[in-house]
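**Q** with the input below, show me the fold.
(chains A and B)
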Amino acid sequence: MATAVTEISTPESLANPPSQSVVVRFAGDSGDGMQLTGGQFTLSTALAGNDLATFPDFPAEIRAPQGTLFGVSAFQINFGSDEIDTAGDAPDVLVAMNPAALKTNVSALKLGGLIIADVGEFNERNLAKAKYDANPLEDGSLAKWQLVPINISQLTLEAVKPFGLGNKEALRCKNMWTLGLALWMFDRDRKPLVDWLNAKFAKKPELAEANIAALNAGHAYGETVEIGGQLRQSHVAPAPVSPGLYRTMTGAEAVAYGLVAGAQLAGLKMFFGGYPITPASSILHYLSGLKEYGVTTFQAEDEIAAIAAAIGASYAGSLGVTSSSGPGIALKTEAIGLAIMTELPLVIINSQRGGPSTGLPTKTEQSDLYQAVYGRNGDAPLPVIAARSPGDAFECAIEACRIATQYMTPVMLLTDGYIANAAEPWKVPDIADYDPFPVSFLEEVPEGGFRPYARDNHLARPWVKPGTPGLMHRIGGIEKAQGTGNIDYSPANHQAMTDTRSNKVLGVNVPDQEVQLGEAGDTLAVVGWGSTFGPIHQAVRRARARGLKVAHVHVRHIWPTPANLGELLHSFGKVIVPEMNTGQFKTLLRDQFLVDARPLNKVSGQPFTIAEIEAAIAEHLA
Amino acid sequence: MNQITPIARATTPKDWETDQEVRWCPGCGDYAILKAVQRTMPEIGATPENTVFVSGIGCSSRFPYYMETYGFHTIHGRAPAVATGVKLANPDLDVWIITGDGDALSIGGNHTFHLIRRNLDCQVLLFNNEIYGLTKGQYSPTSAVGTRSPSTPYGSVDRPAQACAFALGAGARFVARAYDVSKDLSSVLKAAHGHRGTSFVEIFQNCIVYNADVFAGFTEKANAHHQLWLNNGEPMLFGSDKSGGVKGIALDRDRLELKVVDVVGGDWQAAGVLVHDVTNRSIAHMLVEMPFGPFPMALGVLYDDPSPTFEAAVMAQNASASEGKTPDLGKLLKKGQTWQVERDGPSL
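**A** Below is the predicted model:
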């Protein structure tokens, strides 16, 4: 997503030569290595200087029965010579590794788009599994599109024959053959892939050689085979991006690095308590490899223990962090209340997925906003921030650490399955550009005596590490007396403490809301949060290019909201709020600002397309 | 990690009391346990600032408020998890977990199990009163079958959990038992503190309001002969001539189970009485499972055989994984394949 990357304004980019962008979707059986193929294609695309966005879409089952419709795994990439905000609506190219992959994906393909199908897999058994009565490659049902049937299985077997692999192992090189063809189609360099394969299979050189041979064979196939001009090479020019050093970044990685950066800026060690859950586990994986950065990771026995241990670590003077997805956050809820009551810093990351209950573990949704802002017993406020893209998750993780430590409060950072898994080019920031926010622990009895619930100018209480002489004190989940922190159930005290907890969070220093595109007072504002950034941004850009007065406002600080947000929203003629839920942020905005925000909701487990947002803009301007 | 002076400074029991009014029911066994702990702390050379009491929810879990140390009264059942975070963040702290039968074995059973199997260095004091006191008297997971309570007016039907058997089953390396008003409670606490790893101590505690005298069968003075106090290296003897004879615990070698034998004229060897070996795990299993009635109540240190602790392993791995690596965030962010974009466009 280019927003974190470029400073090219809309008029500039529109004035540039016609932009080229291509959407390719790789689809195959979950055992076919499509995520790997997509990931490597992403890397080579990034290296070619294109801006890009990706969307991995895979089943919840680890090894779904082969050839079945529900076992299809797909990876979509949108890349181009212009700013890319989304993984693209309709693919230009569909690579279908079997009948089930074709069936589940072909309807999304652009009219006239290219289908590359592995005919070797279109046998009777696989056709039956995909519930095809007739072979679609032969019955003319794909006439709307350009079909290029290739026996990828057979060609791969031949290419890797010299390496003496078994049939099964040999066929596993199919994805590299396909990737080789794709690299040829878009004029990509093979060398980074060859290097990567050599490194990946360093201990099994025969597998490295076989995969490289398959890659080369796929590439050579494109070069040499004449197939009526359907399959042709095209070159997508590099996108204009601001100068600097780039890498690809997924949201999970960005969160992990952002937490490390945040702990460093706070001058703290980090304790991360986690429990495996899709799609949040990768944050635990990344952090467990970063011990030299003062990170202790703890895979707990359950979600509750994961957060409870993080709270214990915060109490002992580390920066406690825990991470999960909706169902796990639900389990952590009581402990979040404890962190609110004991006023300890804590960062909680929710990589949202489709719900309720177990819901759709591998699909994306934004339906935990109520849970984040309101979902606890008692009046239990905490700051909530939402990342809009993988790269933005880095900034948001740092922001979460800042707020947690400066205000002695748990903070929830919302990402989602899409952000966690998707990759985007990311301009590597210079960590020296970030202002440190060092924590100062209370180490001596202050003048007038030590009060564990004394308040500073942020209304935060002092943070004291156990082990500090003279400052022994007790905290807990029972209502605290103002100042002393002793147990106190008295009516006036509970009123005052509830007010204080609320005011502390409302007083969190949040930057003013900016308008991402357009300006205050426009006819229509499209207001989003989280991973809907891409499609909203692109749709608003297109609308503005047509001269429509449409603005894009994207909110990072869900709670407390930026001080100017109400006034800003009231300046627009109309406000629509696209969300991958049934209207949660819309309700919050209405409640806070009495603004006539209109919902645009999608809960299919898939991100919005640009077209869907464009249609909504058109409808509201009609 | 804190810079903690390892030299203990002399304290008195008074130094461990807070200014807070103790709010247990008059006559509650918790008072005696509190006093015993406050008496023990100076003797083990503990320092208030390096001591952390972590508790869950229930009557017993109010305990930290009354100890002039660092203290964390957490949420129901989760004290072991909070304590794990405290200890991993600062292994130099002396961590005590205060819990009850409902807190540790019902809502927090999972955490208790994992705390013990990981062998975090801490002391677990489980106050077992076989009832839910704070919620007004419902039966608990350790209540005897047939316990009548507000939630079981016809008597409870489920079999009780045995705390020490649970602990051993979870892999505990230190298991001890005592009761609230016992004069030997302090020596059990000292032994627990001396053990590195999770020291599990079940303390029978009399709930005077909802389950009074449930342990009277061995805690009453008149029933002292039903107590088997275990001392390492000493024969397992109980009873006295006054109470109908000295008895001992012997091993039925055919059935591989314990039996009670009479000791005549002090000749316990002739009776085959076992000598307590705190490192004998098999016998420990048998001791914690002895049914009270036909057998005495085994008290004292039942099992004590240290093994490496969790926090030490975590710290060691953190250190070895960090060895020779200079943390450089700037470098980390540039990890993997990167490319430079110049003013005119990208280049590799």
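
**Q** what ranges of the chain fall below the confidence cut-off?
**A** Using chain A. Across chain A, the ranges flagged by pLDDT under 70 are A:1-19, A:226-233, A:240.

**Q** sorry, I should have been clearer: chain B.
**A** Residue ranges of chain B with pLDDT under 70: B:1-8, B:343-348.

**Q** could you pull out the strands for the stretch 51-200 of chain B?
**A** B:51-55, B:70-73, B:94-100, B:122-128, B:131-132, B:138-139, B:174-179, B:198-204 (DSSP state E, counting those that start in this stretch).

**Q** nearest to residue B:283, out of these?
**A** strand B:174-179 (11.8 Å; Cβ to Cβ). For glycine as for every other residue, the C-beta is placed from the backbone atoms N, C-alpha and C.

**Q** packing partners for the closest one?
**A** When contacts are defined as 3 or more Cβ pairs under 8 Å, 6 or more residues apart in numbering or on different chains; DSSP states H and E, strand B:174-179 sits against helix B:163-169, helix B:185-194, strand B:198-204, strand B:297-304.

**Q** about what we covered before: and the strands of the stretch 51-200 of chain B as CSV, adding mean neighbour count and distance to residue B:274?
**A** Formatted as CSV, those follow (neighbours: other Cβ atoms under 10 Å in any protein chain shown; distance: least, Cβ to Cβ, whole Å):
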stretch, mean neighbour count, distance to residue B:274
strand B:51-55, 28, 36
strand B:70-73, 26, 41
strand B:94-100, 29, 31
strand B:122-128, 27, 25
strand B:131-132, 26, 33
strand B:138-139, 22, 35
strand B:174-179, 28, 17
strand B:198-204, 27, 21
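
**Q** now those as a markdown table including distance to residue A:154?
**A** Listed next are those as a markdown table, based on distance: least, Cβ to Cβ, whole Å:
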| stretch | distance to residue A:154 |
| --- | --- |
| strand B:51-55 | 65 |
| strand B:70-73 | 66 |
| strand B:94-100 | 65 |
| strand B:122-128 | 63 |
| strand B:131-132 | 70 |
| strand B:138-139 | 71 |
| strand B:174-179 | 66 |
| strand B:198-204 | 61 |
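
**Q** and for residue B:220, nearest residue in space, chain neighbours not counted?
**A** residue B:213 (7.9 Å; Cβ to Cβ, 6 or more residues apart in numbering or on different chains).

**Q** residue numbers of the stretch 301-450 of chain A in contact with chain B?
**A** Counting by Cβ under 8 Å from any Cβ of the partner chain, the residues of the stretch 301-450 of chain A close to chain B are A:301-302, A:304-306, A:308-318, A:320, A:334-335, A:337-338, A:342, A:427-432.

**Q** which ones among those map onto strands?
**A** A:320, A:427 (DSSP state E).

**Q** only the buried subset of the residues of the stretch 301-450 of chain A next to chain B, as a ChimeraX command please.
**A** Burial among these is assessed by 16 or more other Cβ atoms under 10 Å in any protein chain shown; the matching ChimeraX selection reads:
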select /A:301,302,304,305,306,308,309,310,311,312,313,314,315,316,317,318,320,334,335,337,338,342,427,428,429,431
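
**Q** in helices only, show me the residues of the stretch 301-450 of chain A next to chain B.
**A** A:304-306, A:308-315, A:334-335, A:337-338, A:342 (DSSP state H).
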